[in-house]
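In: Sequence isn't available, so here's the structure alone:
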């Protein structure tokens, strides 16, 4: 029924990351039911309006364009992650899983119905031009972004390498929108970066979950692994990772877990309830591990962080994550277009829904940058799901939270979160030796 997992976040205009199914045969899960009379009445009104516009509008209109706009409005009104995609927009979305495209390198979302920058991607034209998180994009070229959808914004900002594009930015402190002109470049989102921190301690950053992320992770682990055969400690950095392919999030988690549930999904239709488990093929032994997260860690990133946290395989350090806990299904249509439809929510191994809440770190260090967008800030987001029978005091007793204060900013020249993660990993061995001697 499902062919592959696709990324729903748009980059260089990008919508916030999502976990997506591609549905090959809509008929296999389509419910056949009687249509209420009021639905027929509404469809009649729609047909009447379409006819009136076609016959009486001041200029000749394309009926297909009118219908497409109507479909876009219907789907857009559901939630911020559901949308109708034209054939071109559908093709653009599929490009994201490859991690290579022509554009300016920014991530965007809708806040207060305004096209807003989530973050610029490092070493891209937007980053070098000084585009900042929280910037409001009021115009692309000569076209106003008022009422513009994310898909259209993506199409306008992407293009051939070397071609210019101007976006007009409104920012706190600006008296009027300021134009930023950039030449498009080939944006290559490198999935995995890594380095040695100190002898036996390694750092791996996953920027986005793409088709080859697990393979790239395995190569990084192999290159970093000490001659002795195991790490003293590993820092896995998922900060500002928008998500991507669910299959890759599951397989990355599987590298560190030998058994148990990784993630589950639940929807209104029984066929949308799925579970994904570790299959005992992990490559990594048990060693101390810390996962770095922040408000830009979304969707697939939250799946990995939640799985490792619930299984107590790693400590989570940073600030609360984005809170993207819904699953989108891609339904291809006969003309090459497609619908991206929110069909279910995903849950961590302990049954937590993180929709509009996010993953709470075990060790809180840093603060969310001013203007940073989270799921709960998006127009029309799905509401936070209450946890039935939740007893915070028991959870807190089992997993104490350490809050070192918010004065240490994530944007500081020194990466305080990474520094503290390394300190915690090293202190584990100090206390282990102290305990051994005391015993």
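Out: Right, received. Where do you want to start? Computed from a predicted structure; not experimentally measured.
In: drop to CA atoms for contacts and neighbour counts, all remaining ones
Out: Noted.
In: So what touches the longest helix along the chain?
Out: Across the chain, the longest stretch assigned as helix under DSSP state H is helix 416-438. Contact partners of helix 416-438, identified using C-alpha atoms under 8 Å, 6 or more residues apart in numbering, comprise 201, 232-235, 288-290, 292, 317-318, 365-366, 408-410.
In: Centre of the chain to the lengthiest strand in the chain, how far?
Out: Ranked by residue count under DSSP state E, the longest strand found in the chain is strand 338-347. On the basis of C-alpha atoms, centre = their mean, to the nearest Å, strand 338-347 sits 13 Å off its chain's mean C-alpha point.
In: Then stretch 233-241?
Out: On C-alpha atoms, centre = their mean, the centre of stretch 233-241 falls 15 Å from the chain's centre.
In: Can you give me the end-to-end span of that stretch?
Out: Terminal residues of stretch 233-241 are spaced 21 Å apart (C-alpha to C-alpha, to the nearest Å).
In: Give me the secondary structure label for residue 384.
Out: Recorded secondary structure, residue 384: coil (DSSP: H, G, I helix; E, B strand; the rest coil).
In: right, and residue 195 touches residue 201 too?
Out: No. Counting by C-alpha atoms under 8 Å, residue 195 does not reach residue 201; the two are 9.3 Å apart.
In: quick one: which of these two has more around it?
Out: Neighbour totals were compared for residue 195 and residue 201, and residue 201 leads with 22 against 13 (other C-alpha atoms under 10 Å).
In: ok, now how distant is residue 262 from residue 210?
Out: Residue 262 sits 18 Å away from residue 210, going by C-alpha to C-alpha.
In: go on, residue 246?
Out: Per C-alpha to C-alpha, residue 246 is found 9 Å from residue 210.
In: just to revisit the earlier point, which secondary structure elements does the longest strand of the chain contact?
Out: strand 83-85, strand 261-267, strand 326-332 (3 or more C-alpha pairs under 8 Å, 6 or more residues apart in numbering; DSSP states H and E).
In: which one is residue 197 nearest to, not counting chain neighbours?
Out: Spatial nearest neighbour of residue 197, excluding adjacent residues (C-alpha to C-alpha, 6 or more residues apart in numbering): residue 203 at 6.3 Å.
In: What is the burial count for residue 175?
Out: Neighbours around residue 175, by other C-alpha under 10 Å: 8.
In: Name the SS class of it, please.
Out: Under three-state DSSP, residue 175 comes out as coil.
In: wait, what's in contact with it?
Out: Per C-alpha under 8 Å, 6+ apart, neighbours of residue 175: none.
In: Same check on residue 103?
Out: Neighbour list for residue 103: 12, 157, 158, 159, 160, 161, 184, 185, 186, 187 [criterion: C-alpha under 8 Å, 6+ apart].
In: low pLDDT regions in the chain?
Out: 1-35, 95-100, 371, 387-401, 404-414, 439 (pLDDT under 70).
In: ok, residue 65 to residue 57 distance?
Out: Residue 65 is 14 Å from residue 57, where distance means C-alpha to C-alpha.
In: If you could redo that for residue 336, that was the one I meant.
Out: Applying C-alpha to C-alpha to residue 336 and residue 57 gives a distance of 29 Å.
In: can you check residue 292 too?
Out: Counting by C-alpha to C-alpha - residue 292 and residue 57 are separated by 56 Å.
In: more crowded one of the two?
Out: residue 292 (24 against 10).
In: from memory the more buried one sits against residue 240, does it?
Out: No. Using C-alpha under 8 Å, residue 292 is not in contact with residue 240, being 9.8 Å away.
In: all helices of the stretch 51-200 of the chain, in order?
Out: Taking DSSP state H, counting those that start in this stretch as the test, the helices found in the stretch 51-200 of the chain are 63-76, 87-95, 125-129, 150-157.
In: List the contacts of the closest residue to residue 380 other than its chain neighbours.
Out: Distance criterion C-alpha to C-alpha, 6+ apart; nearest residue to residue 380, sequence neighbours excluded, is residue 79 at 4.9 Å. Residues near residue 79 by C-alpha under 8 Å, 6+ apart: 342, 379, 380, 381, 382.
In: again, only this time at 7 Å
Out: Residues counted as contacts of residue 79 (C-alpha atoms under 7 Å, 6 or more residues apart in numbering) are 380, 381, 382.
In: Around the first one, count how many other residues there are.
Out: What that stands for is residue 380. So residue 380, with other C-alpha under 10 Å, has 16 neighbours.
In: From residue 81, how far off is it?
Out: 9 Å.
In: What of the second one?
Out: Distance, residue 381 to residue 81, by C-alpha to C-alpha: 8 Å.
In: go on, the last one?
Out: Counting by C-alpha to C-alpha, the gap from residue 382 to residue 81 is 10 Å.
In: So which of these two has more stuff around it?
Out: Of the pair residue 382 and residue 81, residue 81 is the one with more neighbours under other C-alpha under 10 Å, namely 27 against 20.
In: so who does the more buried one touch?
Out: By C-alpha under 7 Å, 6+ apart, the contact list for residue 81 reads residue 342.
In: Could you pull up phi and psi at it?
Out: In terms of degrees, to the nearest 10, the main-chain angles of residue 81 are phi -110, psi -10.
In: Bridge partners for the nearest residue to residue 195 once chain neighbours are set aside, pull those for me.
Out: Excluding the flanking residues, the one nearest residue 195 by C-alpha to C-alpha, 6+ apart is residue 203, at 5.4 Å. Beta-bridge pairing for residue 203 (DSSP bridges): residue 195, residue 235.
In: Residue 203 touches residue 233, doesn't it?
Out: No. When contacts are counted by C-alpha atoms under 7 Å, residue 203 is not listed as touching residue 233 (8.9 Å).
In: about what we covered before: quick one: which of the contacts of residue 103 has the most company?
Out: residue 12 (30 neighbours).
In: Okay, residue 219 and residue 196: tell me how far apart.
Out: From residue 219 over to residue 196 the distance is 14 Å, taken as C-alpha to C-alpha.
In: ok, back up a step: give me the neighbour count for the residue nearest to residue 197.
Out: Neighbours of residue 203 (other C-alpha under 10 Å): 22.
In: returning to what we had before: would you turn the helices and strands packed on strand 338-347 into CSV with distance to residue 431 and mean neighbour count?
Out: Listed next are these as CSV, based on distance: least, C-alpha to C-alpha, whole Å; neighbours: other C-alpha atoms under 10 Å:
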stretch, distance to residue 431, mean neighbour count
strand 83-85, 52, 25
strand 261-267, 30, 21
strand 326-332, 40, 23
